[in-house]
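Student: Pasting the sequence and the predicted coordinates here, then a few questions.
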Amino acid sequence: MSQPEFPPSPVRLAGQITHQLGQLADQLSQLPAHQAVQVIVRVLDPDDEKGVLGAVTRLMVTSSLFAKDQAERGVLPAEVWLALGRASNELHDICLDLDEHHDTLRAMGSRPALAATAPSAASPLVVRRRR
């Protein structure tokens with residue numbers, strides 16, 4: 001008879017996720033271009049928070065709500081709640097900025113031989129946006 005599987009503790013789970021993200025980052029630089037783009041698309045996937053960035057943003061929002069409750073009880077300094085709130089807001093804004101490029105990345109990732117295509121005309125690498 002097999003032992004029932006228990007979910008890992010939240011602290012251990014966070015450590016495992018952190019480790020796996022590190023492994024993914026290490027592998028990303030070694031992948032062929034089209035596979036690297038596919039990984040990036042998956043990380044940035046904005047649909048229903050399926051992407052890693054959306055999930056991290058959701059985690060930061062949840063952390064901010066927790067910190068707010070604890071700050072109201074006097075357990076945490078208000079600055080901790082404010083910092084987590086700013087972080088979640090910044091991540092949300094970053095998600096919105098990157099969402100503009102998701103279709104382009106998805107199209108690039110669906111090409112089987114991205115590296116074999118002819119290089120396109122050079123484009124400026126820095127675009128200034130007015131807010």
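Tutor: Perfect, I can see it now.

Student: and the closest residue to residue 29 other than its chain neighbours, what pLDDT?
Tutor: Nearest residue to residue 29, sequence neighbours excluded (C-beta to C-beta, 6 or more residues apart in numbering): residue 36, at 7.9 Å. Heads up, the C-betas are built off the backbone N, CA and C, glycines and all. pLDDT for residue 36: 92.

Student: What's the mean pLDDT across the one helix or strand residue 23 maps to?
Tutor: Following DSSP states H and E, one finds residue 23 within helix 10-28. In this model, helix 10-28 has a mean pLDDT of 95.

Student: and that helix, what does it pack onto?
Tutor: When contacts are defined as 3 or more C-beta pairs under 8 Å, 6 or more residues apart in numbering; DSSP states H and E, helix 10-28 sits against helix 33-44.

Student: which is the next helix or strand following the helix it packs on?
Tutor: The helix or strand immediately downstream of helix 33-44 is helix 52-72, counting by DSSP H and E.
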